[in-house]
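Student: Build me a structure from this.
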Amino acid sequence: MTERLYRENQYIREFTARVISCENVKGRFEIILDRSAFYPEGGGQPGDRGFIGASKVLDTVEREDETIHICDAPAQGEVNCALDWDYRFLNMQQHTGEHIFSGIMHSLTGYDNVGFHMGESEVTVDFNGPVSREILEKTELESNRIIWKNVPVTEIYPGAEELGNYDYRSKKEISGQVRLIKIEGADLCACCGTHTAFTGEAGLIKATSMMNYKQGVRITLKIGARALEDYREKTENASLISASLCAKTGEIAAAVEKLKEKMSAEHLKYIELKKKYFELMCEKLTPEFPVLFDDSGSADDARILADMIAKKFPAGYAFSGNDEDGYKYAAVSSQTDIRETGKKINAALNGRGGGKPEMIMGSVSASRAQIEEFFRNNPPVRDTGRIRIILYFITPFAILSLIILSVTSNRAIEPCFVFPCLP
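Tutor: Below you'll find the model as predicted:
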């Protein structure tokens, strides 16, 4: 078994070791050393990186109580080893900060940390109960006060008989020797990870978001160097927004709100203008081809346009988009079940969608030319309505009235001649 140097001194950056084995596994080399300061992934903390001789250590994992170094090249014999210290120390900051924050949250609410993950850019912690904004801010403040006090982070290795005397946090049952991490005034927790020697080295803890998760909450933390990086990024963004809006940094939220109100008003004007534009487009249509195209790519625009066409003709069809990205479409009719036409559109134009008898919406992956060809080959819904005129007498005036009504109504006239019965 590899001698784990980080358990004696978490600040070891370089050391010498002997290669016990080196195995090629799918192009990566799994190296086992007789002694190692590389921390293997575990307890929510990522595995260390660095070098074993000239071989780059990409990750460190633990299997069957053995420390496995995943490398990009083989190594053998006696080797000089070096940790990627910036990465290791960053993880030590994250782990120490998580202990402080989780311990303070537990003391304020009684909630347990039931999930912990150290990602490449942030730490997330899950608690098994609801947390108010007030409690979140208080936890954040008290956590940073522990950092400012720069209290020591100590290790305790209690025997089996005395372990019961300690009130410590733990996410799972532990067998064998238990290692407790104690931070005076903040936390006492069973943990196998690496931590800073004093809380001051953690630097800063900032909660950046909180969301409901399962039966509790998930909180995202920026700790140490990552908190500084996050602050720099947000300061730069705030400065850019400030310059764009000609507003002081502390007033950009109000300036953005004012801009949103202005944009909302302009959007309403835009909608009205677009409706007028659609009306002009509809005037050019004929019953034989009640189909229009719009280049916005908006499903809502297609729906509005189709509805406007359907008020003029038995059915209306609108396609919004372009040949490259495809088209959103809508079809509307108050006189027939438009879903049958929708099935034909989807089948012929590589589309998908559906809806109600009076309206369907969807999308197609076809060119405008293909869409137009489809409607030329599949005539749209025709008006089957008839105006029945009951004529009791055939007179020149009645015939003239029939002709005028047929032309002005744009409907087929079905005269019905009724002759009165003679006595």
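Student: and stretch 2-17, average pLDDT?
Tutor: Stretch 2-17 shows a mean pLDDT of 95.
Student: First-to-last residue distance for it?
Tutor: Its first and final residues considered, stretch 2-17 spans 10 Å by Cα to Cα, to the nearest Å.
Student: Return the set of buried residues in it.
Tutor: By neighbour count on 16 or more other Cβ atoms under 10 Å, the buried set for stretch 2-17 is 2, 4, 5, 6, 10, 12, 15, 17. To be clear about C-beta, it is placed using only N, CA and C from the backbone, and glycine gets the same treatment.
Student: Show me which pair in these is furthest apart.
Tutor: Farthest-apart pair in those is 10 and 17; separation 17.1 Å (Cβ to Cβ).
Student: Show the contacting residues for residue 215.
Tutor: Counting by Cβ atoms under 8 Å, 6 or more residues apart in numbering, residue 215 touches 128, 129.
Student: Look up phi and psi at it.
Tutor: Note on residue 215: backbone dihedrals following degrees, to the nearest 10 are phi -100, psi 10.
Student: quick one: it from residue 111, how far?
Tutor: 10 Å (Cβ to Cβ, to the nearest Å).
Student: Using CSV, write down the CA coordinates of stretch 50-70.
Tutor: Listed next in CSV are the C-alpha coordinates belonging to stretch 50-70 (Å, rounded to 0.1, in the frame of the first residue of the first chain):
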residue,chain,number,x,y,z
GLY,A,50,1.2,17.3,-11.3
PHE,A,51,4.2,15.3,-12.5
ILE,A,52,5.9,12.0,-11.8
GLY,A,53,9.3,12.4,-13.4
ALA,A,54,8.4,13.6,-17.0
SER,A,55,5.0,12.0,-16.9
LYS,A,56,2.1,14.3,-16.4
VAL,A,57,-0.4,13.3,-13.7
LEU,A,58,-3.8,13.9,-15.1
ASP,A,59,-5.8,12.6,-12.1
THR,A,60,-5.4,10.6,-8.9
VAL,A,61,-7.9,8.0,-7.8
GLU,A,62,-8.2,5.4,-5.1
ARG,A,63,-8.9,1.7,-5.8
GLU,A,64,-8.9,-1.0,-3.1
ASP,A,65,-7.0,1.2,-0.7
GLU,A,66,-4.3,1.9,-3.4
THR,A,67,-3.5,5.3,-4.8
ILE,A,68,-3.5,5.2,-8.6
HIS,A,69,-1.9,8.1,-10.6
ILE,A,70,-3.4,8.4,-14.0
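Student: quick one: the helices in the stretch 301-423 of the chain?
Tutor: 339-348, 368-377, 396-409 (DSSP state H, counting those that start in this stretch).
Student: picking that back up, list the residues that contact both of residue 215 and residue 111?
Tutor: 128, 129.
Student: For the protein, name the helix or strand with the lowest mean pLDDT.
Tutor: Ranked by mean pLDDT, DSSP states H and E, the weakest helix or strand in the chain is strand 386-391, scoring a mean of 40.
Student: which helix is the longest one in this structure?
Tutor: The longest helix of the chain (DSSP state H) is helix 252-283.
Student: Give the buried residues for that helix.
Tutor: So for helix 252-283, counting by 16+ other Cβ under 10 Å, buried means 252, 255, 274, 278, 281, 282.
Student: repeat for stretch 81-101
Tutor: 81, 83-85, 88-101.
Student: before we move on, back to that, now the buried residues of stretch 2-17 as TSV including secondary structure and distance to residue 190?
Tutor: Formatted as TSV, the buried residues of stretch 2-17 follow (DSSP: H, G, I helix; E, B strand; the rest coil; distance: Cβ to Cβ, whole Å):
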residue	secondary structure	distance to residue 190
2	coil	22
4	strand	17
5	helix	21
6	helix	17
10	coil	17
12	coil	23
15	strand	27
17	strand	28
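Student: ok, so of the residues you listed, who is nearest residue 33?
Tutor: Using Cβ to Cβ, residue 17 comes nearest to residue 33 of the buried residues of stretch 2-17, at 4.1 Å.
Student: Setting aside sequence neighbours, what's the nearest residue to the closest one?
Tutor: Closest residue to residue 17 in three dimensions, ignoring its sequence neighbours and counting by Cβ to Cβ, 6 or more residues apart in numbering: residue 33, at 4.1 Å.
Student: Relative to residue 10, how far out is that neighbour?
Tutor: Going from residue 33 to residue 10 by Cβ to Cβ gives 18 Å.
Student: any idea how far residue 48 is from residue 90?
Tutor: Taking Cβ to Cβ, one finds residue 90 at 11 Å from residue 48.
Student: er, residue 271 actually
Tutor: Taking Cβ to Cβ, one finds residue 271 at 58 Å from residue 48.
Student: Return the residues in contact with the residue nearest in space to the middle of the chain.
Tutor: Centrality entry for the chain: nearest residue to the mean C-alpha point is residue 211, 13.1 Å, by Cα atoms, centre = their mean. Shown in contact with residue 211 (Cβ under 8 Å, 6+ apart): 217, 218.
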